[in-house]
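Asker: Any chance you could fold what I've pasted below:
(2 chains)
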2 protein chains.
Amino acid sequence: MGSLHAVIMAGGSGTRFWPASRQRRPKQFLPLARGQLLIRAALERLIGLCPVERTWIVTNPQQAKLLGKLLLDFPSSQVLIEPEPRDTAPCIALATATIAARDPAASMVVMPADHVIAPVATFQQLVRRAEALAADDRTLVTFGIAPKHPATGYGYIECGESIDSQAPPAFVAKRFREKPDLATARQFVAAGNFRWNSGIFVWTVAGIRAAMAASNPELAAGSEALSPLLAKGDKRAIGKAWKALPKISIDYGVMEKAQRIAVVAADLAWDDVGSFPALTSVGDVDAHGNAAVLSGGAQQALLESAGNIVYAEGERTVALFGVRDLVVVAVGDAVLVCPKERAADLKVLVEHLRATGRSDLL
Amino acid sequence: MGSLHAVIMAGGSGTRFWPASRQRRPKQFLPLARGQLLIRAALERLIGLCPVERTWIVTNPQQAKLLGKLLLDFPSSQVLIEPEPRDTAPCIALATATIAARDPAASMVVMPADHVIAPVATFQQLVRRAEALAADDRTLVTFGIAPKHPATGYGYIECGESIDSQAPPAFVAKRFREKPDLATARQFVAAGNFRWNSGIFVWTVAGIRAAMAASNPELAAGSEALSPLLAKGDKRAIGKAWKALPKISIDYGVMEKAQRIAVVAADLAWDDVGSFPALTSVGDVDAHGNAAVLSGGAQQALLESAGNIVYAEGERTVALFGVRDLVVVAVGDAVLVCPKERAADLKVLVEHLRATGRSDLL
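Answerer: As a prediction, this is how the structure comes out:
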């Protein structure tokens, strides 16, 4: 079995944490992991599993600069730069080409930079289990999260029979199901053999290359073509090859068509921290259901208030008096107040800001 | 008829504009007069009526320092310092003693520093009318505001017969009525001859001294005793004399007992800006009933929001998305969110901050 490499996908830039997150400072750079930046927590999750010289962060040019500032100890040689965003399949193809050039026998664990996962020991145990399942160079392994509620914001994986009798359990994946409507999600949860698709994958270089070749030859060919260009460091040629890659997610592009997928039962605390109300799961929550993420000297003062979410940075105090179920965000140049139930629609506000000439705030 | 002097009472320090107002920066130093500091607007209201060498600001030692910083062109020799707060009667006694030493035949207009009054021309016309009424050295004149609603937060003056046939009208004051309950306030408004007590007074030095002597000899004696001490500038003696003055308001201490009070019908836009919801009257209001007072580069971005009050200072944007009837305040070191209907109770929050060791914010 080859060495394990880790790939942290840090390309995304969402709007659902505005004004804390910005185009130039996406969610993975917010201190949402118990005060730690999500991307820092992702790196710490790998300590003991994978040394830094086998850890890769795939990101865009802007975020690469931010990485250099915020993760001073992470070597820039381990940062892979996507010339432009093309979804997760090209991102993984780039990482695979890079790792293959060093160690064709390597295994890979691939994960988003912006999830909260605990405890670390369980995560590492799951990676080891998945690595063993993927060692046949044919099986792709995905982490399946036991659904806590009929979420409509996640994809689901329908699990079939157990692969073996070892722990933690692993199942044959029968089918990937896209984000369902509520009724379907309820059926999935009631059925008992459906799990949330966490976006965390384990496979070998050989395994993912074979799956790409079988399901998406264009992607596989593009990835092969990238290898010698990366070795030469020819930016222009890399950019051109990059543009030839199909713009598609790894789920649609590869996983849904793959022949052998195993689901490890990832029974750990997992949250993709999709919008401010998720801070109720990952932040500090008081007896009145108020959640807070405070950093850089920020404080709060709550009176006769319940069910609120406070996110604040810097030397300021957020005082709430007599309010319920609000999201209140205070950072250097902006304050946001919206009801919790509208927090998932923040992109509407962000579009409004763009349309009214306030791109300076985005 | 002697010269007119103006006395601006700037001693108060409320809590109902926290966190915009602080102990060291009370309401009169907020830009609530169409972007102007209230105290600056009070001074500008006197232009053409009263030159600066006959304009006096009575305040406490802390605010005197702030005055020096914020009103660079106002001479410190015109600032009268109360050694400690003792309500409005001693404040007026101090101003009277000072003015009497310069010009025993002077008239005085006395007004709070923290009201919004417009238009200025009407205000000045009313002062001139009042000055003429007070010229007999016996009549004390007060500005009576036509009540717009049955307010329970103001004192009322019951007006009797017209004093003369001149305009603007002036009436004999029959009775001062303290802040009424709602039912009583409704009766007052329905009666038609009740006016809000604005706290703006006009009298001569001789007139107010006579009224003090008749109604409150202790106050009158204290004021007389202050005169030579002020001339000498003996701070210790002034402090001692100050402490001997009765701690009482001019309304309770003098006006309610005075024999000859005239009420001029002050039919102008007047607001004592008692708490944040008053910004709906004195701030910029949009088509959805959102009021804003923005200064120092502050901006707002409102979407699907109505009936809110935004107060912001400095280079920051307050974004509201999908909220109603909130007060949102953002200043350098603090953000406040509370429902409009709780804004009058902000002292409760301020007390909570004090009790929880956050006096740094007060």
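
Asker: For the residue in the stretch 101-250 of chain A that chain B sits nearest to, give me its contacts.
Answerer: Across the stretch 101-250 of chain A, no residue is closer to chain B than A:Gly153, which sits at 19.5 Å (Cβ to the nearest Cβ). All C-beta atoms are positioned from the backbone trio N, CA, C, and that covers glycine. Neighbour list for A:Gly153: A:Lys179, A:Gly274 [criterion: Cβ atoms under 8 Å, 6 or more residues apart in numbering or on different chains].

Asker: From A:Glu178, how far out is it?
Answerer: 11 Å (Cβ to Cβ, to the nearest Å).

Asker: Point out the residues in the stretch 251-362 of chain A that sit beside chain B.
Answerer: A:299, A:301, A:303-304, A:312, A:315-323, A:326, A:328, A:330, A:332-339, A:342, A:345-346, A:348-349, A:352-353, A:356, A:358, A:361 (Cβ under 8 Å from any Cβ of the partner chain).

Asker: Recalculate using a threshold of 7 Å.
Answerer: A:301, A:303, A:315-323, A:326, A:328, A:330, A:333-339, A:342, A:349, A:352-353, A:356, A:358, A:361 (Cβ under 7 Å from any Cβ of the partner chain).

Asker: Got a quick ChimeraX command for the buried subset of those?
Answerer: In ChimeraX, this line selects whichever of those come out buried by 16 or more other Cβ atoms under 10 Å in any protein chain shown:
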select /A:301,303,316,317,318,319,320,321,322,323,326,328,330,334,335,336,337,338,339,342,349,352,353,358,361
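
Asker: What residues sit buried inside stretch A:145-154?
Answerer: Neighbour-count burial for stretch A:145-154 [16+ other Cβ under 10 Å]: A:Ile145, A:Pro147, A:Pro150, A:Ala151, A:Tyr154.

Asker: and what of stretch A:236-244?
Answerer: Neighbour count says stretch A:236-244 has A:Ile238, A:Ala241, A:Trp242 buried, by 16+ other Cβ under 10 Å.

Asker: how about the strands in the stretch 51-200 of chain A?
Answerer: A:55-59, A:79-81, A:107-112, A:116-118, A:140-145, A:156-162, A:170-177, A:194-204 (DSSP state E, counting those that start in this stretch).

Asker: closest one to B:Gly274 among the ones you listed?
Answerer: Of all the strands of the stretch 51-200 of chain A, it is strand A:116-118 that lies closest to B:Gly274, at 45.9 Å by Cβ to Cβ.

Asker: just checking, what packs against that closest one?
Answerer: On a contact count with 3 or more Cβ pairs under 7 Å, 6 or more residues apart in numbering or on different chains; DSSP states H and E, strand A:116-118 meets strand A:269-271.

Asker: Dump the strands of the stretch 51-200 of chain A to JSON lines, plus mean pLDDT.
Answerer: As requested, those are exported to JSON lines (pLDDT from 0 to 100):
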{"stretch": "strand A:55-59", "mean pLDDT": "97"}
{"stretch": "strand A:79-81", "mean pLDDT": "95"}
{"stretch": "strand A:107-112", "mean pLDDT": "98"}
{"stretch": "strand A:116-118", "mean pLDDT": "94"}
{"stretch": "strand A:140-145", "mean pLDDT": "98"}
{"stretch": "strand A:156-162", "mean pLDDT": "97"}
{"stretch": "strand A:170-177", "mean pLDDT": "94"}
{"stretch": "strand A:194-204", "mean pLDDT": "97"}
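
Asker: of all those strands, which lies closest to A:Leu38?
Answerer: Using Cβ to Cβ, the nearest of those to A:Leu38 is strand A:116-118, at 7.0 Å.

Asker: residues in contact with the closest one?
Answerer: Outside strand A:116-118, the residues that touch it by Cβ atoms under 7 Å, 6 or more residues apart in numbering or on different chains are A:Leu32, A:Ala33, A:Leu38, A:Arg45, A:Phe123, A:Leu268, A:Ala269, A:Trp270, A:Asp271, A:Val273, A:Val282.

Asker: which of those are buried?
Answerer: Here, 16+ other Cβ under 10 Å leaves A:Leu32, A:Ala33, A:Leu38, A:Arg45, A:Phe123, A:Leu268, A:Trp270, A:Asp271, A:Val273, A:Val282 buried among these.

Asker: Minimum pLDDT in these, which residue is that?
Answerer: Among the buried ones among the contacts of strand A:116-118, A:Val282 has the lowest pLDDT, at 85.

Asker: My read is that it contacts A:Asp272, right?
Answerer: No: checked against Cβ atoms under 7 Å, the pair A:Val282 and A:Asp272 is beyond contact range at 10.2 Å.

Asker: residue ranges with poor pLDDT in chain A?
Answerer: Within chain A, the ranges that satisfy pLDDT under 70 run A:1.

Asker: sorry, back to before: farthest-apart pair in the buried residues of stretch A:145-154, please.
Answerer: It's A:Ile145 and A:Pro150 that sit farthest apart of the buried residues of stretch A:145-154, by Cβ to Cβ, at 13.4 Å.

Asker: in the sheet, who's paired with the spatially most central residue of chain A?
Answerer: Nearest to the mean C-alpha position of chain A, by Cα atoms, centre = their mean, lies A:Pro112 at 2.4 Å. Counting by DSSP bridges, A:Pro112 is bridged to A:Met9.

Asker: and the nearest residue to A:Ala100 once chain neighbours are set aside, what is it in contact with?
Answerer: Nearest residue to A:Ala100 in three dimensions, chain neighbours excluded: A:Val205, at 4.9 Å (Cβ to Cβ, 6 or more residues apart in numbering or on different chains). The neighbours of A:Val205, taking Cβ under 7 Å, 6+ apart as the test, are A:Thr96, A:Ile99, A:Ala100, A:Pro104, A:Ala106, A:Met108.

Asker: now for those residues, which pair is the farthest apart?
Answerer: Counting by Cβ to Cβ, the most remote pair of the contacts of A:Val205 is A:Pro104 and A:Met108, 11.8 Å apart.
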